[in-house]
Every structure is written in structure tokens, then in C-alpha cells.
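In: fold the following and give me the result.
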Amino acid sequence: MTLINKQPSGGDHPCYVSVDKTGRWVAVGNYSGGNLSVIPVMVNGSLGVPNTVNHSGKSVDKGRQEKPHVHATVFSEDNKFLFVPDLGIDKVMMYAFNPGSGKLTAQDSIVTEAGTGPRHFTFHPDNKFAYLVEELTAGISAYEYKNDKFTFLQRIAALPADYTGPKSGADLHVSPDGKFLYSSNRGDANSISIFSINEKTGKLTLKGHQSSMGKTPRNFNFDPSGNFLLVANQNSDNIVIFKRDKDTGLLEDTGKRIEVGNPVCIKWVD
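Out: Reported below is the predicted structural model:
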């Protein structure tokens with residue numbers, strides 16, 4: 001790889017980057033800055049001048065929600081919208097996105113329960129349902145998505161009822177076959193939660209928990225076949241490879257590891 005250029009993210013501690021469906025725009029969320037930027041991609045691949053949008057507000061957790069904390073920037077499958085979970089204000093902000101100009105126009109937001117701390121947001125492969133992991137409670141919220149509107153379906157705990165340690169939900173992904181949802185738990189849990197998805201209602205049922213076999217499972221991802229789940233354990237410096245049972249959704253440790261310093265994100269390149 002050869003560096004072409006760089007641009008400021010528009011705020012402190014950028015933590016999430018995504019590219020729109022045209023490949024012409026990059027959206028970055030700035031956690032400490034409490035804002036997001038949309039950056040044009042030039043013909044030669046370089047980045048242009050960012051357009052930054054600032055959030056405002058706070059919520060009930062005085063230590064973590066004293067101001068906005070943008071945690072993700074997720075484009076809709078049809079490229080019409082950008083969804084932005086904000087841990088600090090307990091909202092998933094929704095913006096209409098113009099792929100010609102890169103302009104964002106604020107729409108009605110998803111308002112979560114106070115103190116939950118929205119973190120990452122994803123869609124079911126059929127695009128009928130969406131799911132949100134809440135960092136401060138390690139809960140998962142499910143929504144129906146229809147006619148560009150969200151209807152709340154369910155909140156479900158990702159940790160066992162008898163768990164008493166710190167809660168820190170991190171990431172979530174739906175399996176490529178659309179049958180299961182997985183979420184990662186940091187704190188003292190260090191686990192992956194496994195949920196089945198009702199194909200008609202989109203609601204979740206907890207099927208079990210799998211130790212991440214390491215510390216601080218921040219991000220994880222499926223291999224392209226959907227047969228394996230790779231978990232990045234940030235504070236034990238390894239990626240653990242699990243075999244996934246496509247019928248039950250459960251995970252089995254393959255014993256294989258990728259040793260790498262502080263892994264926090266796994267992406268597959270076509």
C-alpha cells in the first residue's frame with residue numbers, strides 16, 4: 001500500500017469508518033468529538049475536504065454521557081440514509097444521504113432507553129429488521145424496518161442474569177444466512193452471545209454464550225463462507241478462530257490463533 005493523502009476526521013478520536021455504496025464518500029464517526037464527517041473520495045483515490053456534522057445533548061450517565069459520543073456510521077443498503085449511533089445522547093441519528101453531493105439531512109432519530117449507550121448498528125440481510133448493541137447495558141435492541149421507518153420490537157440482555165461484573169457491549173453481526181445474531185461482551189465477561197432470529201418477526205432468542213478465549217473481544221467477523229467466526233481479543237493480542245454450527249448457531253474453538261498486537265477490527269478483502 002502507498003499513502004496517497006490524508007484529511008482530518010473533523011473531531012477527536014475517530015472510531016468508525018464506512019464507505020457508501022458508490023465508493024465516492026467516506027463517513028467517519030468521532031467518539032470524543034461527538035460528531036461525524038462525510039469526506040469525498042477523489043478520482044485518484046485521495047480524500048477531499050470533510051463536511052462535519054456536530055451532535056448536541058447528553059443523557060443520564062454522568063460519567064459516560066456528559067456529551068455526544070458518536071460510535072458508528074452505517075449506510076443503508078439502498079444508500080439513501082446514514083445511521084449514526086451516539087452513545088452519549090441515547091439516540092441513533094438518521095440522516096438522509098445525497099450520494100451526488102454527500103449532503104446529510106437530519107431525519108427522525110431512534111431514541112433508546114436512557115442510559116443504554118447505543119454503540120453499533122446493523123441490518124438483517126433481508127433488510128426488514130435492524131439491531132443495535134448498547135454498550136452501557138450490553139443489551140440488544142431489535143427494530144422492524146419498513147418504508148424507511150423503524151418500529152421497536154424488543155430489548156434483550158446479552159449477558160447471563162447472574163452476571164454481576166462490568167457491562168460493556170461492543171459489536172454485533174448477523175450471520176450471512178440471516179438465522180443468528182452474535183454480539184461481543186467485554187468487561188469481565190469476555191464472551192460472544194449467540195441469538196437465534198425469528199425469520200417472521202425478527203425477534204431474538206438467546207441460545208448461549210461462548211468464551212472469547214481472550215480478553216476484551218472488541219470486534220469480530222465471519223469468514224466469507226459463514227463457516228467460521230473470527231474474534232479480535234484486543235487485550236490478549238490475538239484473533240481466535242471459531243467454527244460455527246450453521247444449524248444451532250453455536251461456536252467451537254478450532255484451537256487456531258492469529259497473534260497480532262491489540263486487534264480491534266477485522267475486515268475481509270474481496
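
In: which residues in the stretch 51-200 of the chain form strands?
Out: Using DSSP state E, counting those that start in this stretch, the strands assigned to the stretch 51-200 of the chain run over residues 51-54, 74-75, 81-86, 91-97, 104-106, 110-111, 118-123, 129-134, 139-146, 149-157, 169-174, 180-185, 191-197.

In: who are the packing partners of the third one?
Out: Here strand 81-86 touches strand 74-75, strand 91-97, strand 118-123, going by 3 or more C-beta pairs under 8 Å, 6 or more residues apart in numbering; DSSP states H and E. (Each C-beta comes from the backbone N, C-alpha and C, glycine too.)

In: which of the ones you listed sits most buried?
Out: The highest mean neighbour count among the helices and strands packed on strand 81-86, using mean count of other C-beta atoms under 10 Å, belongs to strand 118-123: a mean of 22.

In: sheet partners, orientation included, of it?
Out: strand 129-134 (antiparallel) (DSSP bridges).

In: now render the helices and strands packed on strand 81-86 as CSV, adding mean pLDDT and distance to Leu229.
Out: Formatted as CSV, those follow (pLDDT from 0 to 100; distance: least, C-beta to C-beta, whole Å):
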stretch, mean pLDDT, distance to Leu229
strand 74-75, 98, 20
strand 91-97, 98, 25
strand 118-123, 98, 15
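
In: and those as CSV, adding distance to Glu252?
Out: Below are those laid out as CSV (distance: least, C-beta to C-beta, whole Å):
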stretch, distance to Glu252
strand 74-75, 30
strand 91-97, 34
strand 118-123, 24
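
In: which one, of these, ends up nearest to Phe81?
Out: In terms of C-beta to C-beta, the element of the helices and strands packed on strand 81-86 nearest to Phe81 is strand 91-97, at 5.7 Å.

In: give the contact list for the closest residue to Gly115 other than its chain neighbours.
Out: Nearest non-adjacent residue to Gly115, counting by C-beta to C-beta, 6 or more residues apart in numbering: Val60, 4.7 Å away. By C-beta atoms under 8 Å, 6 or more residues apart in numbering, the residues touching Val60 are Asp90, Ala114, Gly115.

In: what's around the second one, how many residues?
Out: Same thing as Ala114. Residues lying near Ala114 (other C-beta atoms under 10 Å) number 12.

In: which residues sit in contact with it?
Out: Contacts for Ala114 were tallied using C-beta under 8 Å, 6+ apart; they are Ser59, Val60, Asp90.

In: distance check, the residue lying closest to it once chain neighbours are set aside against Phe129.
Out: Spatially, and ignoring its direct neighbours in sequence, Ala114 is nearest to Val60 (4.7 Å; C-beta to C-beta, 6+ apart). Look at Val60 and Phe129: by C-beta to C-beta, to the nearest Å, they are 28 Å apart.

In: quick one: which of the contacts of Val60 is nearest Lys246?
Out: Among the contacts of Val60, and counting by C-beta to C-beta, the member closest to Lys246 is Asp90, at 35.2 Å.

In: just checking, that closest one touches Pro68?
Out: No - counting by C-beta atoms under 8 Å, Asp90 sits too far from Pro68 to count as a contact (10.3 Å).

In: per-residue confidence at the residue lying closest to Glu77 once chain neighbours are set aside?
Out: Nearest non-adjacent residue to Glu77, counting by C-beta to C-beta, 6+ apart: Asn127, 5.3 Å away. On pLDDT, Asn127 comes in at 97.
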